[in-house]
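Q: model the following, please.
(2 chains)
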Amino acid sequence: MSTQCKEYNFLEIEPHWQSFWEENLTAQAEQNSSKPKYYVLDMFPYPSGAGLHIGHPEGYTATDIIARYKRARGFNVLHPIGWDAFGLPAEQHAVKTGTHPASNTRNNIVNFKRQIKALGFSYDWAREIDTTDPKYFRWTQWIFLQLFARGLAYVDERPVWWCPELRTVLANEEVVDGKSEVGGFPVERRNLRQWVLRITAYAERLLADLKDVDWPESTKRMQEAWIGRSEGAEILFELENKALGPLKIFTTRPDTLFGCTYMVLAPEHPLVDLLTTAEQKNAVAVYRQKAAGKSDLERTDLAKDKSGVFSGAYAINPINAQRVPIWIADYVLMGYGTGAIMAVPAHDERDFEFAQQFSLPIPRVIAGPDADEKLPYTGDGILVNSPGYDGLTWPEAKKKITTYLAARGVGKATVNYKLRDWLFSRQRYWGEPFPIAWISETDYRKAELLRKDLPARPVTFSEGGVTLFALPLPAQALPLELPSVQSYLPSANGESPLANETPWLEIWLNVTTGAAVSATEPCPAGDAWIRARRETNTMPQWAGSCWYYLRFTDPANADAFASPEALNYWGVPDLYVGGAEHAVLHLLYARFWHKVLFDLGVVPQAEPFTKLFHQGIILGEDGEKMSKSRGNVVSPDTIIASHGTDTLRLYLMFLGPLEAMKPWSMQQIEGVHRFLHKIWRECLNAEGSVNPKIATDPAFADSPEFTKLLHETIKKVGDDIEAMRFNTAISSMMIFSNALQKAPQVSRAAVLTFLQLLAPFAPHLAEELWARLGGSGSIQRAPWPVYDPTRLVTTDVKLVFQVNGKHRGDQLVPVGLAQDTAVALAQANAKVAPHLEGKSIVRIIYVPGKILNLVVA
RNA sequence: GCCCGGGUGGCGAAAUGGUAGACGCAUGGGACUUAAAAUCCCCUGGCCGAAAGGCCGUGCCGGUUCGAGUCCGGCCCCGGGCACCA
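A: As a prediction, the model looks like this:
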């Protein structure tokens, strides 16, 4: 049932059809369908208090068009949405107001949902998920247990980014230019007990499998760079003080071993204290302290000035037995390789700078093609000053020297990655609690007899001389829910607010069932009960988004994160759309978890996101990034009220290529709005009844040109949707509507077909006009129009005449015109002839139907 | 510094190596109207020209080609990412 409005009253039409669709379940994915499946997914939003940003509907409109198009093409479409609702802003709000983050989150979700519904997206709301729902995070915790059982989770005291303002640690990736990504607060280094996930164990596969996914090349490159694989060798340098054992270094250039004139240890290197000589002790201690006080920002940003201090110790170069001084310098990072390097100043820019500063020798061992390149020389070349290896090329020498060292047991070829293990804990309240209890060694030994899900090696942590063992809760005890707390404020020493909740924290734990009783109560009877303290850290926001795309296939399942049937049928998203800002973080973490699940045999594919697309950023009208402070923010709510969501959707797609960064324009949106008004007027007269130009007689035939254009438009719109070129799809619909307007009379069928093309883009208007023109059922259920290739055939084409490559004229000619005839026509053409006068044709290039180029001299 | 994108009218943009500027916006002119809005029609890359027409034109310089926005080489500018990773 359509509305009765006489004019294009989008404020009446849009809510009308939104409730119609909601009541008639147009968007729900079918269960047990024999249709082919299509799974199209948006990156689900964090429901912030600020509401929907204009960038959200950009990507969401694109996926909605695809979803509606695929449904019309006979696919069973899964198009879900949910909430990535754990996270810092909600918690900071809780800290400020003292209200539970859950209630704030709930309010935000209500608002987001209202906004998203007002945009008319065809999400399957029956599959809505919320990462903070215990029914959901139960499975987040379950996946963590799988990682834990496989030895992929461990605890480590390590220097981490601590943000005093946020009172939490942040992952490397969450720190930008020495400030927190959220809020932009300064961060500092602190040593804290942390959960860490062994993502480095998957480095090779995360890198190799990038070749199998259809992603933007730039995003693949970013992940490649992030993983940062480099091949080289580990080499052992004997120390003069043999009692200390060898010094292990990593280098990608074993071929330059003869050029090593000093060694560098990172200030944090464990050997520093041991090998520093008495005379140097003071200087080294001072330097180390200074280095420790520097943030990484200072260590890298002020990078150009190298600093360091001599340790007083020497190592022996394994290739030529030379004595090499050992320096301590913070340009070597403890976190990469072995935290120690051999310095080859002649062929490494950093070593060169350092050597110059401290007047260390810089002997050349690689000669480039030109006799005397300036040092440092990092290019290709052959070895010199390397007795026994002179004259070899770089790769040959690399191989030969590595082999030589390996044969003597002082070196081996290795691969290093920049990728570090993933810091997985936050000292916060508003996140998934770890399903872990800390217990004594005695109790752990007992648990080992009762439990089969413990890791091969126990995860332990020592503090104040006591070693605690990490016992996972049994899966049946999940979810482990958050206790209610008095204060959401973390303690200043870096412990989560959960650490203050003694009744939740200190417990009697049943090892086999995971049942818990507060330790203030007497210990329940039975052997399985032990004393335990719960883990107080919570998981980072990334956890919930690492696997949500799997939950959508079977969101209500209480026995598994999703059933094998659902996972087999729906698989992974066929298309995943979201911002490029997640190029490394979310997308890398999710790939890691997916591969773990794949290894467990619970998901059938090795990669989660086969096809990925990033929508571009929409700038303000001033061409700057939208921001409150600039006052150039455009809110979807405002536009929906002034122009309607169909206009907004169409405009967002018409702006330019989806992936491009483009400025918003209030003038341009009027053009798109007029286009929709025009379609309305062509379909309906001022009284709101069918425009008399639309032929009611089914025998009425459109002109051949009009029919041809219709079929061209069907083809173009379909092709463009498939290729996600929505802007040109809309152009072609505008061209058609211009023809529609000029035609004195048109068939009803042609107009209905056109409305179907428009329907994925402007579903409300299309549905309304479809109903008023007597289309049967919902336009959303009508099968996608098929173009007739025979209608696209043209008999006459415009042939362009060129003389010496310059356009000189053109003429309408029959398709498949013979070359001789074409040349004769050109010669006879009044505009072409003068350019041929007095000249002879030396060459003819004829592309039938396109161009005839006469080369004359 | 390194790795990706991208530079086309007044503006957003379009163009399997084959008429550069489709489509839309804006500007100007006209029709309708008492008037306005809305709508419709026409013009609109630059220069020369009364016109017909000509010349130039896709960041810059060169090259390949009958023909280059598109391919190749070298630069310049803008945006994004990485950045002492040995």
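Q: and the gap between the residue of the stretch 201-350 of chain A found nearest RNA strand B and A:A315?
A: Nearest to RNA strand B, among the residues of the stretch 201-350 of chain A, is A:S218, at 2.7 Å (C-beta to the nearest atom of the strand). For every residue, glycine as well, the C-beta is placed using N, CA and C. A:S218 sits at a distance of 42 Å from A:A315 (criterion: C-beta to C-beta, to the nearest Å).
Q: higher neighbour count, the two?
A: Comparing A:S218 with A:A315 by neighbour count (other C-beta atoms under 10 Å), the higher total belongs to A:A315, at 26 against 11.
Q: tell me how many other residues surround A:G544.
A: 28.
Q: you'd agree it is in a strand?
A: No: when DSSP: H, G, I helix; E, B strand; the rest coil is applied, A:G544 is found to be helix, with no strand at that position.
Q: which one is it nearest to, not counting chain neighbours?
A: Leaving aside its chain neighbours, A:G544 sits nearest to A:T131 (3.1 Å; criterion: C-beta to C-beta, 6 or more residues apart in numbering).
Q: confirm A:G774 sits in a strand?
A: No: in this structure, A:G774 is coil, not part of a strand, as judged by three-state DSSP.
Q: what separation do you get for the closest residue to it other than its chain neighbours and A:G339?
A: Closest residue to A:G774 apart from its sequence neighbours, by C-beta to C-beta, 6+ apart: A:R748 at 7.4 Å. If you measure A:R748 against A:G339 using C-beta to C-beta, the figure is 77 Å.
Q: what's the burial count for the residue of the stretch 451-600 of chain A found nearest RNA strand B?
A: Here the stretch 451-600 of chain A gets closest to RNA strand B at one residue, A:A580, 6.2 Å apart by C-beta to the nearest atom of the strand. For A:A580, the neighbour count with other C-beta under 10 Å is 19.
Q: quick revisit: does the residue nearest to A:G544 touch A:F86 like I think?
A: Yes: between A:T131 and A:F86 there is a contact at 5.6 Å, judged by C-beta atoms under 8 Å.
Q: so which of those two has more stuff around it?
A: A:F86 (29 against 26).
Q: partner residues bridging the closest residue to A:E128 other than its chain neighbours?
A: Leaving aside its chain neighbours, A:E128 sits nearest to A:G82 (5.5 Å; criterion: C-beta to C-beta, 6+ apart). Beta-bridge pairing for A:G82 (DSSP bridges): A:I129.
Q: ok, the residue of the stretch 451-600 of chain A closest to RNA strand B touching A:T219?
A: Yes: A:A580 lies in contact with A:T219 (C-beta under 8 Å); the separation is 6.7 Å.
Q: ok so, going back, neighbour count: A:R748 and A:G339, which is higher?
A: The residue with more neighbours, out of A:R748 and A:G339, is A:G339; 21 against 18, by other C-beta under 10 Å.
Q: for the closest residue to RNA strand B within the stretch 601-750 of chain A, what are its contacts?
A: Closest contact between the stretch 601-750 of chain A and RNA strand B, by C-beta to the nearest atom of the strand, is at A:G671 (2.5 Å). Contact analysis of A:G671 by C-beta atoms under 8 Å, 6 or more residues apart in numbering lists nothing.
Q: from A:D720, how far off is it?
A: With C-beta to C-beta as the criterion, A:G671 and A:D720 are 19 Å apart.
Q: pLDDT of stretch A:37-48, averaged?
A: Stretch A:37-48 shows a mean pLDDT of 96.
Q: just give the closest residue to the residue of the stretch 451-600 of chain A closest to RNA strand B, not the sequence neighbours.
A: A:A580 sits nearest to A:H614 (C-beta to C-beta, 6+ apart), 4.0 Å away.
Q: for that neighbour, grab the count of nearby residues.
A: 21.
Q: do the one 10 residues further on as well
A: Residues contacting A:E624 under the criterion other C-beta under 10 Å number 11.
Q: state the pLDDT value of the closest residue to it other than its chain neighbours.
A: Ranked by C-beta to C-beta, 6+ apart and with sequence neighbours excluded, the top spatial neighbour of A:E624 is A:R630, at 5.7 Å. A:R630 carries a pLDDT value of 83.
Q: what about A:R630, which SS state?
A: Assigned by three-state DSSP, the conformation of A:R630 is coil.
Q: over to A:F469?
A: Using three-state DSSP, the structure places A:F469 in strand.
Q: quick one, what contacts it?
A: A:438-441, A:443-444, A:458-460.
Q: tell me the secondary structure for A:Q780?
A: Strictly by three-state DSSP, A:Q780 counts as helix.
Q: that one contacts A:E767, doesn't it?
A: Yes: contact status for A:Q780 versus A:E767: in contact at 7.0 Å, counting by C-beta under 8 Å.
Q: the two: which is more packed in?
A: Each of A:Q780 and A:E767 has its neighbours counted (other C-beta under 10 Å); A:E767 has more, 26 against 22.
Q: using CSV, list the CA coordinates for the helix or strand containing that one.
A: In this assignment (DSSP states H and E), A:E767 forms part of helix A:763-772. Only the C-alpha atoms of helix A:763-772 are listed here, as CSV (Å, rounded to 0.1, in the frame of the first residue of the first chain):
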residue,chain,number,x,y,z
PRO,A,763,14.4,2.1,-2.3
HIS,A,764,11.6,4.2,-0.8
LEU,A,765,10.8,6.3,-3.8
ALA,A,766,11.1,3.3,-6.1
GLU,A,767,8.7,1.2,-3.9
GLU,A,768,6.2,4.1,-3.7
LEU,A,769,6.1,4.7,-7.4
TRP,A,770,6.1,0.9,-8.1
ALA,A,771,3.0,0.6,-6.0
ARG,A,772,1.2,3.6,-7.5
